[in-house]
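Asker: Give me a model of this one.
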Amino acid sequence: MTKPELIAANLARLRGRIAAAARQAGRSVDSVTLLGAGKSQPAAAVAAAAAAGLAHVGESYVQEALARMDALADLPVTWHFIGALQANKTRPVAERFAWVHGVERLKIAERLSQQRPFHAPPLNVCLQVNIGGELTKSGAEPAEVPALAAAVARLPRLKLRGLMCLPPPEAEPARQRAWLHRLRALFDELNAGGAGLDTLSMGMSADLESAVLEGATIVRVGTDLFGPRR
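Answerer: Just a heads-up that it's a prediction; the model follows:
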């Protein structure tokens, strides 16, 4: 099987997993978007996934992403920035991407708002939450999120869509769901206060099913789509 054929088969398998989990949750499969995490993959692999029907691509490193976006400019895909974003890298992200999933500080959101071109639609953003309180991971503390969400929602040129997390790795589905449920509970709390959020970006290759069962609307999958990183 060639690499493009393998990626197409992986994509079909992932769609089957999402559909099965959505049925178990009593949800429409259309309520879950598969985001292919292209980090460290060659442009040809992303092109093969797009040819097989992948519509959303996530990138984690700004310079690598820009080169791949230039090489694949003709692809009909939506580009998401899903990595940690430094203040000195916000301009190209604000100019080139449709989504940013890792906003954790108001300063980053303010820079994205200031640098988003006026001819472009508002930049869709998700707040990254450090749901497990891990020192090695980025994200706002859960207690800080309501105030951060309120401040980001007031910024022009941005549209606050929801929350994102990278939970502690767990092999047991029940433990996976426990962490993911915390993000869902925070999401519901914000919406009860009128936030109007519609996006939960959570779940990757290993915990995709748990994420869909807990309400994920975007799952970010790299390894199980593209294979191991280069």
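Asker: For the longest helix along the chain, buried residues please.
Answerer: As assigned by DSSP state H, the longest helix anywhere in the chain is helix 3-25. Judged by neighbour count using 16 or more other CB atoms under 10 Å, the buried positions of helix 3-25 are 7-8, 10-11, 14, 17-19, 21-22, 25. C-betas here are computed from N, CA, C, even on glycine.
Asker: other SSEs contacting that helix?
Answerer: Using 3 or more CB pairs under 8 Å, 6 or more residues apart in numbering; DSSP states H and E, the elements in contact with helix 3-25 are strand 33-37, helix 43-51, helix 208-213, helix 223-226.
Asker: hang on, the earlier thing: please dump the buried residues of helix 3-25 into CSV; it should also carry pLDDT for every row.
Answerer: Output for the buried residues of helix 3-25, formatted as CSV (pLDDT from 0 to 100):
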residue, pLDDT
I7, 97
A8, 97
N10, 97
L11, 98
L14, 98
R17, 98
I18, 98
A19, 98
A21, 98
A22, 98
A25, 97
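Asker: Closest to G215 out of those residues?
Answerer: Nearest to G215 among the buried residues of helix 3-25, counting by CB to CB, is A25 at 7.8 Å.
Asker: I figured the closest one hits L213, correct?
Answerer: Yes: using CB atoms under 8 Å, A25 is in contact with L213, at 5.0 Å.
Asker: and stretch 77-87, how far from the chain's centre?
Answerer: For stretch 77-87, the distance from its own C-alpha centre to the chain's C-alpha centre is 8 Å (CA atoms, centre = their mean, to the nearest Å).
Asker: Name the residues that touch it?
Answerer: By CB atoms under 8 Å, 6 or more residues apart in numbering, the residues outside stretch 77-87 that reach it are 35, 37, 39, 46, 50, 54-62, 65, 69, 93, 96-103, 107-108, 111, 138, 164, 201, 220.
Asker: Ok, stretch 124-138 next?
Answerer: So stretch 124-138 is contacted by 84, 98-104, 109, 112, 139-142, 145, 148-149, 152, 158-168, 179-180, 182-183, 186, 199, 201 (CB under 8 Å, 6+ apart).
Asker: Restricted to buried residues, select these in PyMOL.
Answerer: If you want just the buried ones from the contacts of stretch 124-138 in PyMOL, going by 16+ other CB under 10 Å, the selection is:
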select buried, resi 99+100+101+102+103+104+109+112+139+140+142+145+148+149+152+158+160+161+162+163+164+165+166+167+179+180+182+183+186+199+201
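Asker: Helices - which of the contacts of stretch 124-138 land there?
Answerer: 109, 112, 145, 148-149, 152, 179-180, 182-183, 186.
Asker: Nearest to K89, out of these: which one, please.
Answerer: When the ones in helices among the contacts of stretch 124-138 are compared for distance to K89 (CB to CB), L112 wins out at 10.6 Å.
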